[in-house]
Each structure stands twice: as C-alpha cells, then as structure tokens.
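S.K.: Pasted the sequence and its predicted model underneath.
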Amino acid sequence: MTTLNIMLPDSMQIYLDEKVAQGGYETVSDYIRQLVTEDQKRAAWGHLESLALEGLDAGESKEMTPEDWEAMKRDLLERHAKGHQA
C-alpha cells in the first residue's frame, strides 16, 4: 500500500474527523479510500453508459428473443467463470 500526504484546510480536516467520529469509518484513510472507490465506480458506469449509447447508435436494432437472452446469459456466465478461476 502506498502512503499519500495531502495538505487540507482546517475546515476539511475537521469535516473528515467528524465523518470518522460519526461511525462507519475506522480512520480518515478508510473514508478517503471509500470516496475514491465510489468515484471509480461512477467513472466505470459513465464509460458503460457511453458504450451502451454508442451501441444504440451503431445501426439497426432487432427484437431480442428469449433464445437471444439465454445465449447472452450463458456467454456472460462463462466469461464470469473464466475470470474467477484460480
């Protein structure tokens, strides 16, 4: 793990200390890590949304059949299983 030192105005330090005191976080570092994690998730969703919109604009659409959905589900489950093999 890397250590990061940052300069904050006193008002921000007080805010961080209050967040920790309210519970839910052991340390200010835990709170900061949570903020970064949430920002990473927002960025990933934003990227996913842009890819979905790009897909919608990519051409003519077709109606999905139950067989199409099952094939997609199988494919995703196979990809997930491969990604979690040790």
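M.R.: Yep, it's here.

S.K.: tell me the centre residue of this structure?
M.R.: A centroid search over the chain (C-alpha atoms, centre = their mean) returns K41, at 1.9 Å, as the residue closest to the centre.

S.K.: where's that one, which helix or strand?
M.R.: helix 28-56 (DSSP states H and E).

S.K.: how far out from the middle of the chain is the helix or strand following that helix?
M.R.: Going down the chain from helix 28-56, the next helix or strand is helix 66-83, by DSSP H and E. Here helix 66-83 is found 21 Å from its chain centre; the criterion is C-alpha atoms, centre = their mean, to the nearest Å.

S.K.: quick one: average pLDDT of helix 66-83?
M.R.: Across helix 66-83, pLDDT averages out at 94.

S.K.: And for D39, the neighbour number?
M.R.: The local packing of D39 (other C-beta atoms under 10 Å) involves 10 other residues. Using the backbone N, CA and C atoms, a C-beta is placed for each residue, glycine as well.

S.K.: separation between it and S29?
M.R.: 16 Å (C-beta to C-beta, to the nearest Å).

S.K.: And for P9?
M.R.: Taking C-beta to C-beta, one finds P9 at 19 Å from S29.

S.K.: which one of these two has more residues nearby?
M.R.: S29 (14 against 8).

S.K.: What residues sit buried inside the helix holding K41?
M.R.: By 16 or more other C-beta atoms under 10 Å, the buried positions in helix 28-56 come out as Y31.

S.K.: What of stretch 70-78?
M.R.: Result for stretch 70-78 [16+ other C-beta under 10 Å]: no buried residues.

S.K.: Over to stretch 5-13?
M.R.: Per 16+ other C-beta under 10 Å, stretch 5-13 contains no buried residues.

S.K.: which residues are contacting that stretch?
M.R.: Taking contacts as C-beta atoms under 8 Å, 6 or more residues apart in numbering, the residues outside stretch 5-13 that touch it are L16.

S.K.: Kindly report the same for stretch 23-34.
M.R.: Contacts of stretch 23-34 (C-beta under 8 Å, 6+ apart): 16-17, 19-20.

S.K.: what mean pLDDT does that stretch have?
M.R.: Throughout stretch 23-34, pLDDT has a mean value of 94.
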